[in-house]
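Asker: whatever this is, show me its structure:
(4 chains)
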Protein chains: 2
Amino acid sequence: MRNPKGRAQPNDLSVGEMAQRAGVAVSTLHFYEAEGLIQSWRTSANHRRYDRRMLRRVAVIRVAQGLGIPLAEVGKMLEKVPMEGAVRKGHWSDASEAWRGALEARIAKLQALRDQLDHCIGCGCLSLENCPLYNPNDSLGEAGPGARRL
Amino acid sequence: MRNPKGRAQPNDLSVGEMAQRAGVAVSTLHFYEAEGLIQSWRTSANHRRYDRRMLRRVAVIRVAQGLGIPLAEVGKMLEKVPMEGAVRKGHWSDASEAWRGALEARIAKLQALRDQLDHCIGCGCLSLENCPLYNPNDSLGEAGPGARRL
DNA sequence: GTGCGTCCTCAAGTTCACTTGAGGTCAAGC
DNA sequence: GCTTGACCTCAAGTGAACTTGAGGACGCAC
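Answerer: Numbers count the residues shown, from 1 in each chain, chains lettered A, B, ... in the order given. This next block holds a predicted model:
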């Protein structure tokens, strides 16, 4: 990506600037770029330059990370939002729609945990079968890290 | 732990039984035990036997895991509940109390994400400074995996 | 022309939460 | 007496999400 706009964009950000403004390490941006989550173009000195919209993408990635959603999922969601060309509001809302169900489920689960932690744990219903909280098979980032079965 | 009760407890569970009932792999139980999250005694054949209350501990661990809370945090919370002797309801509610604040915060964050995903992402406020969602420094499992700075 | 700061790449290291594998014990059933 | 199944230990591997380190390039300032 060697400056697709064909000219210098003084508003574009260097890695250092991006890192500072997004609150992440430079190495993290390198990593996200290698994973295809964000994109940059290069100056003649081979330095990265980021369009400001990448800031928004990074912010979304971090929020999702904070909620325990794996990068692969975030990546799928972000595919709906173009990196170049016009980004309409509709792109983002299309993307967000895909997450609504999972978010709702997560909220419900957390609320159930909060409301029932005393009672539910106290009464033993967390011993599995009857508990509304304990449902091993749900998706979107609930798998967690670690080696998985083949 | 060589049967502290001094006699066979026919209601106690083997690893296999525990694994099946808790919905986790046998290796996971070995791992949790090595981490001090659960406890067992051994038969004369050196096989593990679990008190039924360990089922509840495992369930709590799994729920917490599903919410992205790291094992170290879960361990601290579980320290409040004794592994042997009488477990009173108060033990669990004491333990749960420590989590309330963090759970509330998490719920609020998720709700904000749900309610504002369209608008917030669409309008660009996720570009950091103004966004109620994007707050890099909070605790209880929001750090995520990976190498950390020394 | 010599620092200094910022950037580059690529390989290897790290943490967490497990899983997998090799090699072995023990009790029950045929 | 041999196989089968469930269990044991200990070491090493795995995947995700990064970080750290080595070695080097570029551009500006003095």
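
Asker: what ranges do the helices span in chain A?
Answerer: In chain A, the helices defined using DSSP state H lie at A:15-22, A:26-34, A:53-66, A:71-78, A:89-116, A:122-123.

Asker: okay, now the unreliable bits of chain A?
Answerer: A:1-10, A:113, A:115-150 (pLDDT under 70).

Asker: go with 80
Answerer: A:1-10, A:66-68, A:85-90, A:92-150 (pLDDT under 80).

Asker: any idea how many residues pack against A:Leu78?
Answerer: Neighbours of A:Leu78 under the rule other CB atoms under 10 Å in any protein chain shown: 21. Just so you know, the C-beta spots here come from the backbone N, C-alpha and C atoms, and that holds for glycine as well.

Asker: isn't it right next to A:Val58, touching?
Answerer: No: using CB atoms under 8 Å, A:Leu78 is not in contact with A:Val58, being 10.4 Å away.

Asker: what sits against A:Val24?
Answerer: A:58, A:62 (CB atoms under 8 Å, 6 or more residues apart in numbering or on different chains).

Asker: look up how far DNA strand D lies from it.
Answerer: Distance of A:Val24 to DNA strand D, computed by CB to the nearest atom of the strand, to the nearest Å: 7 Å.

Asker: so stretch A:50-70, near DNA strand C or not?
Answerer: No: Stretch A:50-70 stays clear of DNA strand C (CB under 7 Å from any atom of the strand), getting no nearer than 9.3 Å.

Asker: again with stretch A:18-29
Answerer: Yes: using CB under 7 Å from any atom of the strand, stretch A:18-29 reaches DNA strand C at A:Val26.

Asker: for that stretch, list the C-alpha coordinates in PDB.
Answerer: Coordinates of the C-alpha atoms in stretch A:18-29 are reproduced here as PDB (Å, rounded to 0.1, in the frame of the first residue of the first chain):
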ATOM      1  CA  MET A  18      -1.400   6.200  16.300                       C
ATOM      2  CA  ALA A  19      -0.100   4.200  19.200                       C
ATOM      3  CA  GLN A  20      -0.300   7.200  21.500                       C
ATOM      4  CA  ARG A  21      -3.700   8.300  20.400                       C
ATOM      5  CA  ALA A  22      -5.200   4.800  20.500                       C
ATOM      6  CA  GLY A  23      -3.500   3.900  23.700                       C
ATOM      7  CA  VAL A  24      -1.700   0.800  22.400                       C
ATOM      8  CA  ALA A  25       1.900  -0.200  21.800                       C
ATOM      9  CA  VAL A  26       3.500   0.300  18.400                       C
ATOM     10  CA  SER A  27       4.100  -3.400  18.300                       C
ATOM     11  CA  THR A  28       0.400  -4.000  18.700                       C
ATOM     12  CA  LEU A  29      -0.300  -1.900  15.700                       C
END
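
Asker: give the buried residues for it.
Answerer: Neighbour counts using 16 or more other CB atoms under 10 Å in any protein chain shown place A:18-19, A:21-22, A:24, A:28-29 of stretch A:18-29 among the buried residues.

Asker: for these, which one is nearest A:Thr43?
Answerer: A:Thr43 lies nearest to A:Met18 out of those, by CB to CB, at 13.9 Å.
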